[in-house]
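**Student:** return atomic coordinates for the entry below.
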Amino acid sequence: MRSTACVALALGCVVLGAVAVPASAAPLPGLGSGDEGWVLSTNDTSKNYSPTFVGNGYLAARVPAPGEGYSSTPIVTQSELAGFYAAPAGQYERRASLPSWTTLGFGRSGGVYGTPGSWSCAFDQLCPTRYGQISGGAFVETSHPGSIAGGYLAGLNTNNTPTGGGTDVIAIRDAPAGKATLAVRYGNGSGGPQTIHLGVNGVLQQLTVPSLSSWDDWAVVTVPVTLKAGANTLEITVAEGDTARVNVDYLALYPDGGQPPTKIAPATVGTTGNYKQSLDLRTGVLATSFDWTSPAGDTTSFAYEVNANRAEGHLGTVSVKVVPHWSGTATVVDEFDGRGLNHASTTDPHVDGKTATLSQTVVSDGKLATAGLNSVLRINDKTVPTEAIAAPGDGSAGQSAAFPVSKDKPYRITKYVGVASSVDTDRSLEAATPQQAAADTAARATAGGYQHALARNNDAWSRLWQASISIPGDTAMTARIHASMFYLLASMRAGVTWSTSPGGLSSDGYNGHVFWDMETWMYPSLLAQYPDIAVGANTYRQKLLPAAEAEAAKLSTPDRPIKGAKFPWESALTGKETIPPGNTEGKSEIHIDSDIALAQWQYYEASGDTAWLRDKAWPVLKDIADYWATRAEPDPAGGYDINNVMGPDEYHDNVDNSATTNAGAQASLRIAIQAAGILGRSADPAWKTVADGLKIPVDAKAGIHPEYDGYTDQTVKQADVTLLQYPWGVPMSPSLAQNDLDYYKQHTDPNGPSMTDAIAAINGAALGSPGCTVYTYLRNSADPYLAAPFNQWYETRNGGAFTFTTGEGGYLQEFMYGFTGLRWGTDAITVNPFLPPQVPGLDITRVKWHGRTFDLSVGRQTTKLTLRSGPPLPVRVAGSGVRQVTPGTALQVPTRHPAGDATHC
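**Tutor:** Model prediction:
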């Protein structure tokens with residue numbers, strides 16, 4: 001977990017949008033014999049449950065256990081849009097979240113399921129804050145023990161800055177009129193008093209709470225209040241002047257002078273049964289079904305389907321089949337839920353009752369981007385007139401419809417949601433405003449009907465899944481692979497040239513910033529089978545090159561001219577450095593330039609597209625080479641140094657001659673030289689001089705590459721020196737390579753992020769590491785980080801970013817590049833297959849290179865490469881030179897295995 005904005009609510013830092021503890025890597029439910037690793041499901045969300053997200057590479061939403069809408073627990077559910085960034089006044093750029101577009105409720109006067117504000121707490125009960133309406137950047141946190149409901153209100157202060165507008169609203173029922181006592185149970189381990197605002201029926205007052213011994217301690221303060229008879233509203237909010245470094249566990253109203261209550265209000269209104277939630281990775285549809293009995297005793301069967309349409313990136317649908325086991329007048333509620341809104345505000349809410357259309361405009365903080373949302377509601381494919389719902393003031397907007405229903409008769413209710421923004425890259429921004437474009441999308445989908453929209457979505461996913469990775473005979477491992485690729489595809493799509501963050505489009509974790517995670521971990525997994533999608537990550541860097549050039553120019557002095565481009569460590573909308581204040585990586589983790597250069601070059605190697613290399617990639621490659629040629633310093637003893645940097649090991653800053661930084665700079669310079677030769681361009685002679693002079697020293701006594709000058713056995717955060725082998729391909733003897741693996745395995749923090757073991761597995765496969773080493777790396781790269789029931793990765797064994805698409809990308813590379821030995825080249829591909837005995841085989845379909853499409857099947861004894869289409873495929877096979885594979889024929893090569901006993905792990 002690289003440094004970034006921290007939530008000031010604990011003894012340490014919690015990444016915004018992250019979760020504290022991963023679920024157990026227990027056997028995954030829902031994998032029936034006919035699912036073939038494609039359908040993941042659960043019947044119990046009360047434990048070992050982390051909600052999944054659906055996305056189409058442009059629009060995404062995390063969907064909570066109820067199957068629709070917004071929830072703050074166990075993970076804040078957010079709705080994200082590619083490229084939708086904010087710039088709060090005086091702060092850095094960050095991803096802005098939309099209102100939750102998935103809310104769709106049904107019921108009648110005795111209770112409507114799925115609507116905001118349906119939960120309430122009785123007078124003289126303990127009211128857990130986690131069940132209230134949480135908005136404005138606040139969220140539920142679970143890392144500190146002792147809360148009454150297993151979670152509490154947090155996020156009221158971010159990075160030592162109060163989260164202005166962070167709010168929790170709790171509805172109170174059955175209150176007597178007159179004086180009462182309001183109790184607030186809080187946690188404050190900040191070391192000093194903190195302030196927040198309390199509200200009773202909209203009247204706010206500031207509350208000061210004393211400091212406690214630690215963040216694991218709780219205390220109660222009381223405030224006298226006056227209530228009205230019946231319904232009242234309590235509110236916790238961060239207002240001007242608050243310091244707000246405080247967690248809040250519960251609120252409670254009880255009689256003036258009476259004893260505090262002990263009964264805890266229940267989490268739900270009504271009861272559910274026969275619950276099941278399933279994610280079909282083949283279609284990206286999340287289905288949730290259950291029976292719900294309202295507080296008034298009405299029972300209704302629900303079957304929700306939520307989808308971000310793959311065929312139409314600007315379309316999301318929520319459809320529910322309801323069977324009321326009662327007759328009467330039903331109410332449907334379609335809402336954009338403002339509690340999911342973050343770093344943005346809404347304007348212009350409007351309901352056209354005749355057409356049952358709800359619209360709203362979302363403006364990111366700092367007016368960096370604008371989005372239009374448009375929802376059309378249909379009941380049994382027909383228009384039922386709607387009315388606007390009174391907005392609660394949190395950015396929500398909604399419409400409702402009433403219609404008669406008959407007992408045990410099914411009804412299909414669907415909302416078609418169109419979304420567009422002012423920074424879209426897949427449509428002409430001159431053709432329509434975001435609101436017009438959103439309305440057009442929703443109208444087209446409505447005219448075609450739900451089944452047509454769903455069929456188009458299914459067909460689009462089916463075309464993507466023609467390329468697959470699977471383990472024959474191992475459904476559980478295949479399901480992990482499919483899920484990992486699904487979450488990458490849910491976060492990227494062709495034509496959308498906004499790159500993605502370590503959490504993909506699942507949340508605003510890591511502020512939605514783009515790091516090296518894309519180029520090094522996610523991108524290679526997409527490049528092999530989905531080059532048209534992967535290239536968008538390269539386009540993103542290309543279009544932001546001017547900002548990187550400006551950053552390099554700022555570093556230049558008369559005594560030390562710096563040329564070229566310095567790309568930001570954390571990037572967002574404008575290409576400026578967006579790292580939160582107080583972090584040094586933006587200055588020192590400059591290996592990001594090399595990571596970008598390698599990704600640009602890999603696309604050329606895989607595509608052979610010389611026009612793209614000339615027109616798109618060359619300016620980036622040239623600028624990065626110029627940067628390294630001027631950033632490196634002549635060493636008085638000869639050669640060149642790169643000093644005062646941080647390598648991938650973020651535990652050590654301001655080091656000299658980071659092995660991985662130097663290796664990447666050297667490779668970037670040589671890539672630029674090779675590209676210049678291909679294009680007939682001149683290569684600066686300094687590029688070769690510096691590349692040849694950069695040091696990647698070896699400690700002859702220890703037989704390893706030291707991580708940096710002066711390195712002496714310090715603990716390493718994550719894969720660093722081991723990256724020299726893959727992806728950088730630094731020449732070294734097999735014994736030195738194995739020594740590096742063995743040594744850094746012993747010196748790497750086991751609580752670091754999940755990518756380390758993936759790199760070790762790929763390297764071990766290339767080396768043919770003995771025993772069960774490679775299989776152990778494979779298991780360790782997944783098992784400790786996997787969250788049930790939907791095969792999502794956490795960043796570390798202790799939690800961190802979620803869904804961690806970086807780790808999922810690393811896992812996929814183990815199969816694509818590790819067990820196949822696949823490597824790109826400008827003249828041929830290379831294969832060098834290896835298989836641990838615990839893995840029964842590996843099938844990969846529709847890999848693309850230079851206009852060819854081929855399949856790889858790694859068997860226990862023999863690996864088969866079959867060319868599906870295109871000209872003859874040149875394949876470099878270890879020990880036998882280049883072989884030509886013609887369409888319809890197969891090349892067979894021996895599969896390597898580890899030496900020694902590889903079965904006892």
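**Student:** what pLDDT is listed against the nearest residue to W498 once chain neighbours are set aside?
**Tutor:** Leaving aside its sequence neighbours, W498 sits nearest to G83 (Cβ to Cβ, 6 or more residues apart in numbering; 3.8 Å). C-beta coordinates here come from the backbone N, C-alpha and C atoms, glycine included. In this model, G83 is scored at 98, pLDDT.
**Student:** correct me, but G83 touches A369?
**Tutor:** Yes. Here G83 reaches A369: they are 6.9 Å apart, a contact under Cβ atoms under 8 Å.
**Student:** could you pull out the helices for the stretch 301-450 of the chain?
**Tutor:** Counting by DSSP state H, counting those that start in this stretch, the stretch 301-450 of the chain has helices at residues 434-448, 450-464.
**Student:** so which of those helices is the most packed in?
**Tutor:** Highest mean neighbour count among these (mean count of other Cβ atoms under 10 Å): helix 434-448, with a mean of 20.
**Student:** mind giving me the packing neighbours of that helix?
**Tutor:** strand 315-324, strand 357-364, strand 370-379, strand 411-421 (3 or more Cβ pairs under 8 Å, 6 or more residues apart in numbering; DSSP states H and E).
**Student:** the ones you listed into JSON lines, with extra columns for distance to S571?
**Tutor:** Output for the helices and strands packed on helix 434-448, formatted as JSON lines (distance: least, Cβ to Cβ, whole Å):
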{"stretch": "strand 315-324", "distance to S571": "26"}
{"stretch": "strand 357-364", "distance to S571": "16"}
{"stretch": "strand 370-379", "distance to S571": "20"}
{"stretch": "strand 411-421", "distance to S571": "18"}
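**Student:** F486 in helix, strand or coil?
**Tutor:** Here F486 is recorded as helix under DSSP: H, G, I helix; E, B strand; the rest coil.
**Student:** what helices or strands is the lowest-mean-pLDDT helix or strand in the chain leaning on?
**Tutor:** Across the helices and strands of the chain, the lowest-confidence element by mean pLDDT, DSSP states H and E is strand 133-135, at a mean of 82. For strand 133-135, the elements it packs on are strand 167-175, judged by 3+ Cβ pairs under 8 Å, 6+ apart.
**Student:** quick check: what element follows the strand it packs on along the chain?
**Tutor:** Per DSSP states H and E, strand 167-175 leads on to strand 178-187 as the next helix or strand towards the C-terminus.
**Student:** and that following strand, C-alpha only, in PDB?
**Tutor:** Output of strand 178-187 as PDB, limited to C-alpha atoms (Å, rounded to 0.1, in the frame of the first residue of the first chain):
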ATOM      1  CA  GLY A 178     -40.600  17.600  25.800                       C
ATOM      2  CA  LYS A 179     -37.100  17.400  27.400                       C
ATOM      3  CA  ALA A 180     -34.900  14.300  26.800                       C
ATOM      4  CA  THR A 181     -31.300  13.300  27.000                       C
ATOM      5  CA  LEU A 182     -29.200  12.600  24.000                       C
ATOM      6  CA  ALA A 183     -26.200  10.200  24.600                       C
ATOM      7  CA  VAL A 184     -23.300  10.100  22.200                       C
ATOM      8  CA  ARG A 185     -20.800   7.200  22.400                       C
ATOM      9  CA  TYR A 186     -17.600   8.200  20.700                       C
ATOM     10  CA  GLY A 187     -13.900   7.300  20.200                       C
END
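**Student:** buried residues in that strand, which are they?
**Tutor:** Across strand 178-187, burial judged by 16 or more other Cβ atoms under 10 Å covers A180, T181, L182, A183, V184, R185, Y186, G187.
**Student:** same question, stretch 649-660
**Tutor:** D649, E650, H652, D653, V655, D656, N657, S658, A659, T660.
**Student:** please apply the same query to stretch 339-349.
**Tutor:** For stretch 339-349, a neighbour-count test (16+ other Cβ under 10 Å) marks R339, G340, L341, N342, H343, A344, S345, T346, P349 as buried.
**Student:** with stretch 553-569 instead?
**Tutor:** Buried residues in stretch 553-569 (16+ other Cβ under 10 Å): I562, K563, G564, A565, K566, F567, P568, W569.
**Student:** can you pull the contacts of V184?
**Tutor:** Residues in contact with V184 (Cβ atoms under 8 Å, 6 or more residues apart in numbering) are L198, L207, V209, V220, V221, T222, V223, V248, Y250, L251.
**Student:** list the beta-bridge partners for the third one.
**Tutor:** Going back to what we said before, that points to V209. Beta-bridge pairing for V209 (DSSP bridges): Q194.
**Student:** relative to T475, how far out is A229?
**Tutor:** Distance, A229 to T475, using Cβ to Cβ, to the nearest Å: 59 Å.
**Student:** name the residue in the two with the higher neighbour count.
**Tutor:** Shown here are A229 and T475; by other Cβ atoms under 10 Å, T475 has more neighbours (18 against 10).
**Student:** can you pull the pLDDT of that one?
**Tutor:** 95.
**Student:** that one contacts G37, doesn't it?
**Tutor:** Yes. With contact defined as Cβ under 8 Å, T475 counts as touching G37 (4.8 Å).
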